[in-house]
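Novice: here is my input, please return the structure:
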Amino acid sequence: MIGSLTRRRFFAAAPAVPWLFWQSPPAAPSPAAGPSFPAHDPDLARDVVGASHGNIARVKELVSARPALARVSWDWGYGDWESPIDAASHVGNRPIAELLIAHGARPTIFTVAMMGQLAVLRGWIEAVPGIQRTRGPHGITLVAHARAGGAAAAETLKYLESLGDADPRYLDAPLTDADYTSIAGDYAFGSGTTERLKVAKNARGIVTITRTGGSERNLFHQGGLVFIPAGAEAVRITFAARALTIVDGPLTVSATRA
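Specialist: Got it, this is the predicted structure:
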């Protein structure tokens, strides 16, 4: 009977009821500080920007743990910087944009266009004449952002289209088969295994340039085998005699085709 259970008999019986002595497991060790500390790991920035194009579960996981990730930016190449809210804005993903804003993201004029906030957008354009011609990441225009916003941005789209200059597209001059053959291939700009650039067409037939281990970037032909990469119209990539030259301000990089 329980009334006759002495202290000694209770502890003698304890191995039969181990849950009485259960203890919490030790806490998981804190992640080690990486080589970029105290700056955030660049891979985290790339992860949250990539996820913000459509993976809301991953975005929530990342920004809930580290809200500052809602404000990071990632350079896809040649200075084509993109933040998480930029990504959500140009694909028209309002739920991700709202989640990012709730965690401290800074809305842009492109976010306003996608969300259909016409009064805000109109005030912005009236205050800064010509801003409607500004392109967003990857060269995506304000009109394209409003179109991505769907029905909620229909009036905003109509307004932007009425301006006549809110959809500036890149020149992309025709490229003959012979021209493409003359530039396609692998180029080396150094002796390292990643110091390689590949020029090819992607599945959509767009000419691209990709550094080994890097991101594929669309190219727009300006004529005479001179190209600009998406989102970086100040950069020039010129092909001649089995070589290419990239000029980005004071930086000039030359590469030779293998």
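Novice: show residues contacting stretch 107-116.
Specialist: 85-86, 88-90, 92, 94, 97, 101, 120-121, 124, 131, 134, 136, 140, 142, 145-146, 148-149, 152-156, 160 (Cβ atoms under 8 Å, 6 or more residues apart in numbering). (Each C-beta comes from the backbone N, C-alpha and C, glycine too.)
Novice: in that stretch, what counts as buried?
Specialist: Within stretch 107-116, the residues scored as buried using 16 or more other Cβ atoms under 10 Å are 107, 108, 109, 110, 111, 112, 113, 114, 115, 116.
Novice: again, but for stretch 183-202
Specialist: By neighbour count on 16+ other Cβ under 10 Å, the buried set for stretch 183-202 is 183, 187, 189, 196, 197, 199.
Novice: likewise stretch 215-224?
Specialist: The neighbour-count check on stretch 215-224 (16+ other Cβ under 10 Å) flags 217, 218, 219, 220, 221, 222 as buried.
Novice: please, where are all the strands along the protein?
Specialist: Taking DSSP state E, the strands of the chain run over residues 74-75, 81-82, 185-188, 196-201, 207-211, 217-223, 226-229, 236-240, 243-248, 251-257.
Novice: residue 46: which of those strands is closest?
Specialist: Judged by Cβ to Cβ, the one of those that comes nearest to residue 46 is strand 74-75, at 5.0 Å.
Novice: helices or strands up against that closest one?
Specialist: Judged by 3 or more Cβ pairs under 8 Å, 6 or more residues apart in numbering; DSSP states H and E, strand 74-75 is in contact with helix 42-51, strand 81-82.
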